[in-house]
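Undergrad: using only what follows, build the 3D model:
(one chain, ligands or ions: 1)
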Amino acid sequence: VIGDLAAISRHDLASAWRLLRGLPALLRHPLTVEEAGATLRAHLAQREARFLSLVQRTVYANPASPYRALFRAAGCEAGDLAALVQREGLDAALRRLYRAGVYLTVDELKGRVPAVRGSTAVEVTPAQLTNPLISTDLALHTGGTRGPETMVPISLDSIRESARNQCLFLHARGGLGWTHAVYGIPGWAASRVVLRHAAFGATPAHWFSQVDPSARGLHPRYRWSARIMGWGGRLAGVSLPWPRHVPPENPRRIVDWMAGVLRRGGTPHLRTFASAAVTICRTAGEAGVDLAGAQFTLGSEPCTPRRRAAVEAVGAHPVPSYATLEAGGPIGDGCLHPTEPDEVHLYADTHAVIQPVTSGGPGELPGRALLLTVLFPSSPFVLINASLGDQADVVDRPCGCAMERLGWTTRLHTIRSFEKLTAGGMTFLDGSIIRVLEDVLPARFGGGPNDYQLVEREDEHGASRLDLVVDPALGPLDEAAILRAFFEAIGPGAGVERVMTLDWQAAGLVHVRRRAPLATRSGKIFHLHSTRAQGAPE
Ligand SMILES: [Zn+2]
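TA: Numbers count the residues shown, from 1 in each chain. So this is what the prediction gives:
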């Protein structure tokens, strides 16, 4: 414990203290369906006004905001923006702003390239996009770009905000009385999911962890986040679950928990990664355990036809969820009458989405790219027409489900990344992987940055696999040594990368493949190339 304490930064301690102070208020008075519905209707009705107020406070009144320079370069002052939004509505106004240069690509957002619009060049850093209106109650750390890791500030207000739509989503599924559990990695990100459910009285009964919280080498932050949450819950008189290790390759304990709840006449509901659900259902099938009636909410990875079929094969019901940390959590949750395996209703009260429609327009984005605008004041980042590297089909035709009746009429499906890598439930934007592929491996085994690539694919069971692609032109190489060097290079980080290393090794996710790295249509080699993003084998 003393060693743990020494490794915890002042920043982590300050987060913990604010969390302890704020938790009782979040947990003591759980949100009701009636309150959630009333607020949703008000926010949908005030969508334009809420956007304008947010831009006024976070952009026009904030000299540090890169968006201020983009609006100026587009010749759009506060009065012009208000007139445009009132005249054309929010979505049409956002499309016009995109064409006028008010948007950010992933490369610009992460500070890899400046945002150049005409004669204006704006240097953007993720820190400048931090929402000036929020207090940081939790600091989430993500694998950073070539510099230090990115800190994502989370306020308890944003947890309350996302709890509202989660409450309505579960209610629409008839799920408020289910027995809930979470299966993920320990740390603040999973803590946030647990707290979000607790905020409307659906506190998870179990918190299963893919990584052993007591594993050596794991940053103490992951253990302490759970401890602090437990104390905060006790202060509020709410018993919050403690993470229990369930290895990703053998999730039998979760299968048994689900079967037990079903036997007692209840409905087990597990929130987890799509590939983890596939393994759980395959384990149940192989053991002859009936999971008919079990419910899954699947996030973090594409809910592909094959993954969906694997869950349905044991009689369980999968519903997809689309969320990102940067956009403040859930962007949309599953349609209840879906025609596509990963169809979700956009939470139009908290987010707006537009698309370039044709490729090669401003920012050279794919036509199906999602340009995301965040509409709620507790979002960690201010995002206006921001690309986080995802693309999808956007549809408006009626589906007739309960989510639509709540006022969420726009749906997204076939959501795929064209940029980031998501595997085994974890996301990398680039960061250490690029360093390893460009510097570490070439230095040791020869070749250059274009000779190594990490490619995500699905195996025949729908599980995530990563191929470490090495160009055969480099001649004979010891594949085990390459893999070891890859893990060693990613391992030293004490944060998320470390968790991923433990997880990947455990699950045997990564394999060396000797073939020429894949090129994209533009001819550029992507380090983190997703075969799915290209519409290839599914
Ligand atoms: Zn629907």
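
Undergrad: neighbours around L44, how many?
TA: L44 has 16 neighbours, counted by other Cβ atoms under 10 Å. The C-beta positions use only the backbone N, C-alpha and C, and glycine is treated the same way.

Undergrad: how much space between F296 and the ion?
TA: 17 Å (Cβ to the ion, to the nearest Å).

Undergrad: for T32, same thing?
TA: For T32 relative to the ion (Cβ to the ion), the value is 23 Å.

Undergrad: quick one: residues contacting that residue.
TA: Residues in contact with T32, defined by Cβ atoms under 8 Å, 6 or more residues apart in numbering, are C167, F200.

Undergrad: repeat that for the one 5 residues further on.
TA: Residues near G37 by Cβ under 8 Å, 6+ apart: L168, L406.

Undergrad: same thing but 7 Å
TA: L168 (Cβ atoms under 7 Å, 6 or more residues apart in numbering).

Undergrad: separation between it and the ion?
TA: Taken as Cβ to the ion, the span from G37 to the ion is 17 Å.

Undergrad: cool, and V278?
TA: Counting by Cβ to the ion - V278 and the ion are separated by 24 Å.

Undergrad: doesn't that residue fall inside a strand?
TA: No: according to DSSP: H, G, I helix; E, B strand; the rest coil, the state of V278 is helix, so it is not within a strand.

Undergrad: surely it touches H461?
TA: Yes: contact criterion Cβ atoms under 7 Å: V278 and H461 qualify, at 6.3 Å.

Undergrad: quick one: the helices in the stretch 401-538 of the chain, in order.
TA: Counting by DSSP state H, counting those that start in this stretch, the stretch 401-538 of the chain has helices at residues 402-405, 432-435, 441-445, 479-490, 496-507.

Undergrad: summarise which helices and strands the longest helix along the chain is packed against.
TA: In the chain, with assignment by DSSP state H, the single longest helix is helix 10-28. The contact analysis (3 or more Cβ pairs under 7 Å, 6 or more residues apart in numbering; DSSP states H and E) places helix 10-28 against strand 138-142, helix 156-172, helix 220-235.

Undergrad: and the residue of the stretch 401-538 of the chain nearest the ion?
TA: Nearest to the ion in the stretch 401-538 of the chain, going by Cβ to the ion, is C401, at a distance of 3.1 Å.

Undergrad: check that residue and give its pLDDT.
TA: The per-residue pLDDT reported for C401 equals 97.

Undergrad: show me what the lengthiest strand in the chain is in contact with.
TA: Ranked by residue count and defined by DSSP state E, the top strand of the chain is strand 386-395. With contact meaning Cβ under 7 Å, 6+ apart, strand 386-395 is reached by 104-106, 109, 324, 326-327, 353, 355, 365-366, 368-372, 410-420.

Undergrad: buried stuff in the longest helix of the chain?
TA: The neighbour-count check on helix 10-28 (16 or more other Cβ atoms under 10 Å) flags D12, S15, A16, R18, L19, G22, L23, P24, L26, L27 as buried.

Undergrad: do you know how far the second one is from T414?
TA: Counting by Cβ to Cβ, to the nearest Å, the gap from S15 to T414 is 37 Å.

Undergrad: check contacts around the closest residue to D157 other than its chain neighbours.
TA: Nearest residue to D157, sequence neighbours excluded (Cβ to Cβ, 6 or more residues apart in numbering): S378, at 3.8 Å. If a contact means Cβ under 7 Å, 6+ apart, then S378 has I134, S155, D157, S158, E161 as its contacts.

Undergrad: if you skip the residues just before and after it, what's nearest to the second one?
TA: Spelled out, that is S155. I134 (4.3 Å).

Undergrad: of the contacts of S378, the lowest pLDDT goes to which?
TA: Scoring these by pLDDT puts S155 last, at 78.

Undergrad: thought it was touching N131?
TA: No: the pair S155 / N131 is not scored as a contact, 8.6 Å apart, by Cβ under 7 Å.

Undergrad: tell me how far the residue in the stretch 101-250 of the chain positioned nearest to the ion lies from G266.
TA: Using Cβ to the ion, the point where the stretch 101-250 of the chain gets nearest to the ion is A172, with a distance of 9.1 Å. For A172, the distance to G266 equals 19 Å [Cβ to Cβ].

Undergrad: neighbour count: these two, which is higher?
TA: A172 (21 against 15).

Undergrad: end to end, how far does stretch 243-251 reach?
TA: Start and end residues of stretch 243-251 are separated by 14 Å (Cα to Cα, to the nearest Å).

Undergrad: buried residues in that stretch?
TA: Buried residues in stretch 243-251, defined by neighbour count with 16+ other Cβ under 10 Å: P243, V246, P248, P251.

Undergrad: ok, now which ones touch the second one?
TA: V246 makes contact with Y183, F208, S209, R253, I254, according to Cβ under 7 Å, 6+ apart.

Undergrad: just the pLDDT at the residue lying closest to the third one once chain neighbours are set aside, thanks.
TA: Across the structure, with Cβ to Cβ, 6+ apart as the measure, the residue nearest S209 apart from its sequence neighbours is P243 (3.9 Å). pLDDT, the model's per-residue confidence, is 87 for P243.

Undergrad: what about the contacts of V246, which are in strands?
TA: Short answer: the contacts of V246 in strands (DSSP E) are Y183, F208, S209.

Undergrad: name the member of the residues you listed with the most neighbours.
TA: Most surrounded of these: other Cβ under 10 Å gives Y183, at 25 neighbours.

Undergrad: bridged to that one, which residues?
TA: On the basis of DSSP bridges, Y183 is bridged to F208.

Undergrad: which one is the most centrally placed residue in the chain nearest to, not counting chain neighbours?
TA: With distances taken as Cα atoms, centre = their mean, T324 lies nearest the centre of the chain, 3.0 Å away. Once flanking residues are discounted, T324 sits nearest to L388: 5.7 Å by Cβ to Cβ, 6+ apart.

Undergrad: spell out which residues of the chain are next to the ion.
TA: Contact residues, the chain versus the ion (Cβ under 5 Å from the ion): C335, C399, C401, M403, E404.

Undergrad: closest to G201 out of these?
TA: Set against G201, the nearest of the residues of the chain next to the ion by Cβ to Cβ is M403 (20.4 Å).
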